[in-house]
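Undergrad: Sequence first, predicted model second:
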Amino acid sequence: MSETKTPLIRLAKRAEMSKGRIYLIRICSIIIALILGCLPMVLTGTNPFAAYSVIIQGSLSRPVYLKQTIRTAIPLLGCAIAIAPCFKMRFWNIGAEGQITMGAVFSTYFALFYADKIPHAPLLIIMFLSGALAGALWALIPAFFKAKWNTNETLFTLMMNYIAIGIVAWLQGGPWEGRKGSQLIPMFSDNARLPMVLGVNCGWIIALVLVVFLYIYMNKTKQGYEIAVIGDSVNTARYAGMNVGWIMMRTMLISGAISGIVGTIIVSGANFTLYKGVANGVGFTSITVAWLSQLNSFAMIAISMILAVLEKGANTLQTRMQVPASIADIITGILLFCMLSSEFFINYKLIFRHKDKKEAMA
Amino acid sequence: MENKCAIEMRNITKRFGQVVANDSINLKLYRGEILALLGENGSGKTTLMNMLSGIYQPDAGEIFKDEEQIYIHSPREAYEYGIGMIHQHYKLIEVFSATQNIILGLNDGKMDLSAAEKKVKEICDRYGFEIDPSKKVYDMSVSQKQTIEIVKMLYRGADILILDEPTAVLTPQETNKLFKVLKNMKMDGKAIVIITHKLHEVMDVSDKVAVLRKGQYIGTVNTSETNPQALTDMMVGHAVSLNIDRPKYAEPKKKLIVEGLTCIDAEGIKKLDSVSFCAYTGEILGVAGISGSGQKELLEAMTGLYPVKEGSIRFINDSGSEVELVGLTPKRIRATGVGMAFVPEDRLGMGLVGSMGMTGNMMLRSWKNGRGALLKKKEPEELANRVWKDLDVVTPGVNYPVRRLSGGNVQKVLVGREIASQPEVLLTAYAVRGLDINTSYTIYNLLTEQKMNGVAVVYVGEDLDVLLELADRILVLCGGQVAGVVDARNTTKEEVGLMMTQFNTSGGAHE
């Protein structure tokens, strides 16, 4: 009959795998990613082993490096926590970048104009609250339109990023400009800077608190349950009597508020000023963190640290071995690719043609 | 003049896993003829035709075109043999014009739009289609989209056309227009198959009728020598005894009154047209009808999930007072204390959360319970364990994702949860679809047990044999209207079958 027409490779769904094998596949995928990551290094004439060891040394070997790495990891972790509930709901919020920026703008307002009027602690609290409020409102807009008119949230949240960045550009060159013609907003006074704890700004404590908060929120609360049901099937949620539009708006409010807090941490804990690139791609990189950790908040700590090690280490790589720091982005990309494809192999198996025939004969 | 045989299918068999969709079927298509392929849902009509259009390959059997054996491995090869199929769901690109859609996927080296447009016009004039070749698809009605699909096939030189339930989405006027062009194409010597389960259309348009029933080929008759009654008999077959236990409840009372219920979908098509009926306690009210006659909308309207245009749905409390349900959301209906349970047709897409285990799914009804923001997991977990044991659900544990369970076990979880809510009204849609015999009987017994507890059960089903033995009364829907309500103990399969296809002369006089 039609044997010649059987495709060379077919896909079939796999039965459930054991937990151990799933983790084995995931670890293998990370190893494969690191091996594939050697390729661009070899192409640029670098010894991959030397490069990897420089990356590790440059990010972890000394306390001062480690602190810098952690400082890089804090916003990634915080922002991954922010977007996790949205992604669980299958609401593709890629607007964290803008929500961070708006949070930073509101905090900066108080840092610039009230630093000499309000004492340290209340000022910081006001900055955090205003940052959270700004991020929440910025996130609410696309959620409202999605709930009301079913607009596409991916495009909407993405476009909101550029508006937020545009606002900062305007502030930088206009009303908040420090020295005329500098296009820069003045540095924050010490009164508006986050205190240091163990040598790193106290943002890390906030991030760890958020990790625990997210875990409880997603797994133990009624609202977390609602989010999970909507993510599985909107129809089921409606059948169960959930108000899907309202839940979407509420979830985005929470997500935006956390992003806004991350914005506050960035301006008052790391940069001490506001500029156009304040979010610096964190809103996008954190999507990688959230996916790689499968929306598990504790896994996010590890993943955000790995990405921060790559980023910090790559900077050292650039200064020591003249290898472009963007090598870190390439490796991150390969890592994401490998981990996502490992999910594919966990769910599907490949059947080759000749093997297929044997099965048919058996 | 004797018409020439275009396609012959011999002993075609197709299996999907354990299910035999087509069992050794023989079929002949002649040029210059319209063949109606008739059968109930799941009788294997579409599967059979999909093997002609290259979507499936038969497990056994042979296909001949013009007396020469052919193998069709893909839709593209089907085109090459001049076979074109118009599916129920159109595959058009909204932002393209009619002509662009028609030439899409053709690979003849160059793309000459104006020449193509001319050819499209020619085809349209020849058979009497009315389309504007440069109009964009998003501006078109459903019937115009269908026309494009047909012209697309003709443009590719198809002389054997298969239409899968072409009238399901059309108004009567559009249907007449379609039939006119079909007849024109027939005159031109094309072989045409229409898949349908509407008897009056079969009588209107076809020359021959081939009937399938549960994957079996029943026979082919000339339309001029048959009548709707004879076709119904071929389609539904003789009643099969299933021995479902059907006790009688002592004193049925009115529980739910539906009056003049009318629903309109997003496209403005009437899905329900002044539907009125009552449901009684201690009774299983069967709902029969060809799929898409409004069963889904009826149940969803009753549960507050489908918008109601007009009419009322009243629930009668034990004290005799009435609660109007129209206009309430599912949440509000629950809040008013109306004990309504619903087993929807789409089990994993509507009734359950596939990624969660039994516990998570039991919670779907009770997650709001208790004060505070935290979930109360204890009760749902106990319930999950109870359902697991009582209904013999095969699962490794109560936290194992239900999506990974077999269809029968998924349904047990869903029915178990709904019954556990101790409803006064239990609505079920296709409760045994896809289940094996044993599980089906488990479900029948559960429903009968509920009935004997005084619950008003509404059972939407597709298997008439089951409806006749399980239900006390049967409400027959046809095209969104009530074709009649019959006493299930004193009716016949033929009678219900005729009402489903609206060839009832006596109306619903059996109440």
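TA: Structure received.

Undergrad: can you pull the contacts of the residue of the stretch 101-250 of chain B found nearest chain A?
TA: Chain A sits closest to B:Y138 of the stretch 101-250 of chain B, with a gap of 16.5 Å, by CB to the nearest CB. (Glycine included, C-beta is placed from N, CA and C.) Residues in contact with B:Y138, defined by CB atoms under 8 Å, 6 or more residues apart in numbering or on different chains, are B:E94, B:V95.

Undergrad: Name the nearest residue to whatever residue of chain B ends up closest to chain A, sequence neighbours excluded.
TA: Nearest residue of chain B to chain A, counting by CB to the nearest CB: B:K331, 3.7 Å away. Closest residue in space to B:K331, ignoring its immediate chain neighbours: A:G241 at 3.7 Å, by CB to CB, 6 or more residues apart in numbering or on different chains.

Undergrad: Mind giving me the packing neighbours of the strand or helix carrying A:I258?
TA: Using DSSP states H and E, A:I258 falls within helix A:244-265. Here helix A:244-265 touches helix A:63-88, helix A:96-113, helix A:120-149, helix A:203-220, helix A:222-232, helix A:234-239, going by 3 or more CB pairs under 8 Å, 6 or more residues apart in numbering or on different chains; DSSP states H and E.

Undergrad: Tell me which of these is the most buried.
TA: Each of these was scored by mean neighbour count; the highest is helix A:96-113, a mean of 28, by mean count of other CB atoms under 10 Å in any protein chain shown.

Undergrad: okay, that helix in CSV with CA atoms only?
TA: What follows is helix A:96-113, C-alpha atoms only, in CSV (Å, rounded to 0.1, in the frame of the first residue of the first chain):
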residue,chain,number,x,y,z
ALA,A,96,6.7,45.0,32.7
GLU,A,97,9.4,47.2,31.2
GLY,A,98,7.0,50.1,31.0
GLN,A,99,5.5,49.3,34.5
ILE,A,100,9.0,49.4,36.0
THR,A,101,9.6,52.7,34.3
MET,A,102,6.5,54.3,35.5
GLY,A,103,7.1,53.1,39.0
ALA,A,104,10.6,54.6,38.8
VAL,A,105,9.1,57.9,37.5
PHE,A,106,6.7,58.3,40.5
SER,A,107,9.3,57.4,43.0
THR,A,108,11.7,59.8,41.4
TYR,A,109,9.2,62.6,41.8
PHE,A,110,9.3,62.2,45.6
ALA,A,111,13.0,61.7,45.6
LEU,A,112,13.7,64.9,43.8
PHE,A,113,11.2,67.3,45.4
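
Undergrad: tell me which strands and helices it is in contact with?
TA: helix A:63-88, helix A:120-149, helix A:153-173, helix A:244-265, helix A:282-292.

Undergrad: Any regions of the chain where pLDDT drops low?
TA: Assuming you mean chain A. Residues of chain A meeting the criterion pLDDT under 70: A:1-16, A:351, A:353-362.

Undergrad: wait, chain B
TA: B:1-2, B:18, B:41, B:108-109, B:239-241, B:502-511.

Undergrad: need the residues of it near chain A, please.
TA: B:57, B:71, B:73, B:303, B:305, B:329-331, B:334, B:342, B:344, B:346, B:348-356, B:360, B:363-365, B:367-368, B:373-375, B:404 (CB under 8 Å from any CB of the partner chain).

Undergrad: Okay, domains of chain B per the record?
TA: Domain assignment of chain B by automatic domain parsing yields the ranges B:5-236, B:240-339+B:423-511, B:355-421.

Undergrad: right, so of those domains, which gets closest to A:A314?
TA: Nearest of the domains of chain B to A:A314, taken as CB to CB: domain B:355-421 at 36.9 Å.

Undergrad: Distance from that closest one to the middle of the chain?
TA: 28 Å (CA atoms, centre = their mean, to the nearest Å).

Undergrad: Buried residues in the helix holding A:I258, which are they?
TA: For helix A:244-265, a neighbour-count test (16 or more other CB atoms under 10 Å in any protein chain shown) marks A:244, A:247-265 as buried.

Undergrad: so how far is that helix off the chain centroid?
TA: 14 Å.

Undergrad: Ok, stretch A:157-167 next?
TA: Remark: stretch A:157-167 is offset 17 Å from the chain centroid, using CA atoms, centre = their mean.

Undergrad: Dump the C-alpha coordinates for that stretch into PDB.
TA: Presented in PDB, the C-alpha positions along stretch A:157-167 are these (Å, rounded to 0.1, in the frame of the first residue of the first chain):
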ATOM      1  CA  THR A 157       1.300  46.100  26.900                       C
ATOM      2  CA  LEU A 158       4.300  46.200  24.500                       C
ATOM      3  CA  MET A 159       3.200  49.600  23.100                       C
ATOM      4  CA  MET A 160       2.700  50.900  26.700                       C
ATOM      5  CA  ASN A 161       6.400  50.400  27.200                       C
ATOM      6  CA  TYR A 162       7.400  52.900  24.600                       C
ATOM      7  CA  ILE A 163       5.000  55.500  26.000                       C
ATOM      8  CA  ALA A 164       6.500  55.100  29.400                       C
ATOM      9  CA  ILE A 165      10.000  55.400  28.000                       C
ATOM     10  CA  GLY A 166       8.900  58.500  26.000                       C
ATOM     11  CA  ILE A 167       7.700  60.100  29.200                       C
END
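
Undergrad: Relative to B:L477, how far out is the residue nearest the centre of chain B?
TA: In chain B, the residue lying closest to the centroid (CA atoms, centre = their mean) is B:S291, at 3.2 Å. B:S291 is 10 Å from B:L477, where distance means CB to CB, to the nearest Å.
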